[in-house]
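Quick one, structure for this:
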Amino acid sequence: MKLHVVNEYDTLEAVLVHRPGQEIDRLTHHSMRDFLFEDIPFLRRMQEEHDAFVDVMKKRDIQVIYLEHLLSDLLEKDPAARRTLIEQVCVAEQAGGLVNDLLDQKLFPDDALLEILFAGITHAEYQEHTGRRVLTGAPLQTFVLPPIPNIYFTRDPAVVVGGAAISCKMHFAARMRESILVRAVLEHHPEFAGQPITYGGSDAPTEDRPFTIEGGDVIVLNEESVLVGVSERTRSETIEVLARRTFEIGRAKRFYEIPIPTERIFMHLDTVCTIVDRATVVWYPGVMDNIKYIHHYESDASGGVVRKPDSRGLAQILSDEFGREVRVVRTGGGSEHYAGREQRTDGTNTLAIAPGVACTYERNVKTIEAMEKAGIECITVAGSELVRGLGGPRCMTMPLRRRPPDGR
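As a prediction, the model looks like this:
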């Protein structure tokens, strides 16, 4: 796998996903908000919807790679990577005392360990496996290691910019393990052998929390420029560090910092703005029409990073970067009423799978009409259960490779 993503709309060739699993069934009315959910999805229907979404991509000859399959390979075939992964997970979850037991393949065979990495393990389950309690007096149904139900949003733990990956640092503790799992396959799986990590690798401990950044805030415009949202989840300080690292190795020349409201409903930039073709964007007017104080990062003569206000509006910046006037498709087709409804159901969170071809939830009728009117071919998928985690087709995919125009 040669990583290559220099924009958001070239033909998608390979993508990383995770099929929702038993981690979803761990959610309860009392715990769902702790795990960043607003509702409890119906897992079987959720899996059916996810399978249909994956089938859409496969029919377009997109290579769909499952995170769980890559992790299964590592656990089975790479003892050193298995140990490193267990240690990193336990340290992150403040459960260092579990390391030796989880390393014991008689207690936790690879298939059981893989399930635990996603769905967690309760005190009762741990006692069943080991014959002992981790913490005397702890309620049996509480978690020794919690589940990670947001992991089907593979966009956030890592993102490819140019020919290298960024290993993201998640804002909420409930999502930290997602980055660890994805980074493990990027660093150790033969599929990605020799592929660089620009930011956030295991060998760069300074690029860690509180320098948080999530993949949903990163939008690649072209070979030289990237938009990054300052949001509920991504800090301005992180963008500066990321820009410096990216400039140093020549992966980009310009970063634009786009501030969006720090509200859960607008958690990432891609919930209010996505690109569906060169110079064609879908955006939520309630946020994107009011963007102010855009900052521009570039290298200075000494190799440092300069951050300065950009006097241009976002539409002009996009037009300049695309080399033609940008066309804006407004969520809800310009209706304030439908824009509010369809932003909530991820009408803006579209996934471009080829130039002028975008995948979106079928329920976002007014936004689909507006995209089609703008000449975009819309491929629709069901998402009544998938959307309950507040994410759409873009959120559910980590593009690994888009076809270069010259076919290389």
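
how close does residue 14 get to residue 366?
Remark: distance between residue 14 and residue 366 (Cβ to Cβ, to the nearest Å) = 32 Å. For glycine as for every other residue, the C-beta is placed from the backbone atoms N, C-alpha and C.

Residue 79 too?
Counting by Cβ to Cβ, the gap from residue 79 to residue 366 is 53 Å.

neighbour-wise, which of the two wins?
More neighbours surround residue 366 than the other of residue 79 and residue 366, with 19 against 12 (other Cβ atoms under 10 Å).

Who are the packing partners of the helix or strand containing that one?
Using DSSP states H and E, residue 366 maps to helix 365-373. The helices and strands touching helix 365-373, judged by 3 or more Cβ pairs under 8 Å, 6 or more residues apart in numbering; DSSP states H and E, are strand 327-330, helix 336-344, strand 357-361, strand 377-381.

ok, and what's touching it?
276, 282, 329-335, 338-339, 342, 347-348, 350, 358, 360, 362, 378, 380 (Cβ atoms under 8 Å, 6 or more residues apart in numbering).

Mind doing that once more with 6 Å?
Outside of helix 365-373, the residues that reach it under the criterion Cβ atoms under 6 Å, 6 or more residues apart in numbering are 329, 331, 332, 333, 338, 342, 347, 378.

got those as CSV, with distance to residue 203, pLDDT and neighbour count columns?
Below are those laid out as CSV (distance: Cβ to Cβ, whole Å; pLDDT from 0 to 100; neighbours: other Cβ atoms under 10 Å):
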residue, distance to residue 203, pLDDT, neighbour count
329, 42, 98, 25
331, 41, 97, 34
332, 45, 97, 24
333, 48, 95, 19
338, 48, 96, 20
342, 43, 95, 25
347, 40, 96, 29
378, 42, 98, 18
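
can you tell me which of those lies nearest to residue 53?
residue 378 (13.9 Å; Cβ to Cβ).

and that closest one, bridged to which residues?
residue 358 (DSSP bridges).

tell me the contacts of it?
Neighbours of residue 378 in contact, by Cβ under 6 Å, 6+ apart: 358, 360, 368, 371, 372.

Residue 155 now?
By Cβ under 6 Å, 6+ apart, the contact list for residue 155 reads 215, 216, 395, 398.

Count the residues that sit near the last one.
Counted with other Cβ under 10 Å, the burial measure for residue 398 works out to 25 neighbours.

Wait, it touches residue 154, no?
Yes. Assessed by Cβ atoms under 6 Å, residue 398 is found in contact with residue 154 at 4.3 Å.

Find residues that contact each of the two.
residue 16.

ranges for the strands of the stretch 51-200 of the chain?
63-66, 121-122, 143-145, 158-161, 164-167, 197-199 (DSSP state E, counting those that start in this stretch).

Show the average pLDDT along the fourth one.
In other words, strand 158-161. Rounded to a whole number, the mean pLDDT of strand 158-161 is 96.

ditto for stretch 176-195
95.

Run through who's touching that stretch.
1, 3, 70, 74, 78, 81, 85, 88-89, 92, 148, 151, 157-158, 165, 167-168, 170.

In CSV, could you pull the C-alpha coordinates for it?
Only the C-alpha atoms of stretch 176-195 are listed here, as CSV (Å, rounded to 0.1, in the frame of the first residue of the first chain):
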residue,chain,number,x,y,z
MET,A,176,-7.8,7.7,22.9
ARG,A,177,-7.5,3.9,22.2
GLU,A,178,-8.7,4.4,18.7
SER,A,179,-5.5,6.3,17.8
ILE,A,180,-3.4,3.6,19.4
LEU,A,181,-5.0,0.8,17.4
VAL,A,182,-4.8,2.6,14.1
ARG,A,183,-1.2,3.7,14.8
ALA,A,184,-0.3,0.1,15.5
VAL,A,185,-1.3,-1.1,12.1
LEU,A,186,0.3,1.9,10.4
GLU,A,187,3.6,1.2,12.2
HIS,A,188,3.7,-2.5,12.3
HIS,A,189,1.5,-4.2,9.6
PRO,A,190,3.3,-5.3,6.4
GLU,A,191,0.6,-3.6,4.4
PHE,A,192,2.1,-0.2,5.4
ALA,A,193,5.8,-1.2,5.5
GLY,A,194,8.0,1.8,4.8
GLN,A,195,5.2,4.3,4.8
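
how about that stretch: buried residues?
For stretch 176-195, the neighbour count (16 or more other Cβ atoms under 10 Å) marks 176-189, 191-192, 195 as buried.

follow-up on the earlier one: what's the farthest-apart pair in the contacts of helix 365-373?
338 and 378 (15.6 Å).

Could you measure from residue 356 over to residue 58?
20 Å.

So for the two, which sits in the more crowded spot?
residue 356 (15 against 11).

which one is the more buried one nearest to, not counting chain neighbours?
With Cβ to Cβ, 6 or more residues apart in numbering as the criterion, residue 356 has its nearest non-adjacent residue at 4.4 Å, and that residue is residue 277.

which residues sit in contact with that neighbour?
Shown in contact with residue 277 (Cβ under 6 Å, 6+ apart): 9, 355, 356.

please redo it, this time with the cut-off set to 7 Å
Residue 277 sits next to 9, 352, 355, 356, 376 when contact means Cβ atoms under 7 Å, 6 or more residues apart in numbering.

measure the fourth one to residue 396 for me?
With the distance defined as Cβ to Cβ, residue 356 ends up 21 Å from residue 396.

ok, now residue 43?
15 Å.

So between those two, which is more surrounded?
More crowded of residue 43 and residue 396, by other Cβ under 10 Å: residue 396, with 28 against 17.
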